[in-house]
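>>> no sequence on hand, only this structure:
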């Protein structure tokens with residue numbers, strides 16, 4: 001019982017972290033970067049979609065909040081999530097949220113390394 005409660009707390013904490021990140025990225029894109037033709041916008045849009053999908057891993061199914069319409073459903077990451085030749089290959093078919101978040105975390109670290117050459121987490 002304790003393990004399941006701890007797992008639920010960890011899951012909720014992780015989801016909240018991703019939600020916080022996605023709103024910070026959304027605000028940064030819309031209010032700071034602004035120009036959708038810049039490399040910063042492209043990078044931020046990809047980071048936003050990673051955070052969004054980690055926060056709401058059932059997307060495009062289930063429920064999720066609306067996002068700023070200036071942030072389009074474009075970019076390799078979101079397109080791989082929603083547009084596949086064979087629906088059976090869609091990452092959106094994975095139902096385990098921890099597995100989804102772990103995969104997105106790996107992708108996010110790779111994306112972050114493009115402009116931030118340090119580890120995102122401290123080594124213990």
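Received the coordinates, thanks. Here the structure is a predicted model, which means the values were calculated and not measured. Numbering: from 1, shown residues only.
>>> got the buried residues for stretch 20-29?
For stretch 20-29, a neighbour-count test (16 or more other Cβ atoms under 10 Å) marks 21-23, 25-26, 28-29 as buried. The way it works is simple: take the backbone N, C-alpha and C, and place the C-beta from them, glycine included.
>>> same question, stretch 57-68
Residues of stretch 57-68 classed as buried by neighbour count (16+ other Cβ under 10 Å): 57, 59, 67.
>>> and the contacts of that stretch?
For stretch 57-68, the external contacting residues (Cβ atoms under 8 Å, 6 or more residues apart in numbering) are 22, 26, 29-30, 48, 52-53, 55-56, 81-82, 92, 94, 97, 100-101.
>>> ditto for stretch 21-28
44, 47-48, 51-52, 55, 67-68, 71.
>>> can you add secondary structure and give these back as CSV?
Below are the contacts of stretch 21-28 laid out as CSV (DSSP: H, G, I helix; E, B strand; the rest coil):
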residue, secondary structure
44, helix
47, helix
48, helix
51, helix
52, helix
55, helix
67, coil
68, coil
71, coil
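>>> so how do I select the buried members of the residues you listed in PyMOL?
A single PyMOL command selects the buried members of the contacts of stretch 21-28 (16+ other Cβ under 10 Å):
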select buried, resi 44+47+48+51+52+55+67+71
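>>> nearest to residue 116, of the contacts of stretch 21-28?
residue 47 (10.8 Å; Cβ to Cβ).
>>> distance of the residue lying closest to that closest one once chain neighbours are set aside from residue 115?
Excluding the flanking residues, the one nearest residue 47 by Cβ to Cβ, 6 or more residues apart in numbering is residue 25, at 5.4 Å. According to Cβ to Cβ, to the nearest Å, residue 25 and residue 115 sit 13 Å apart.
>>> thanks a lot, see you next time.
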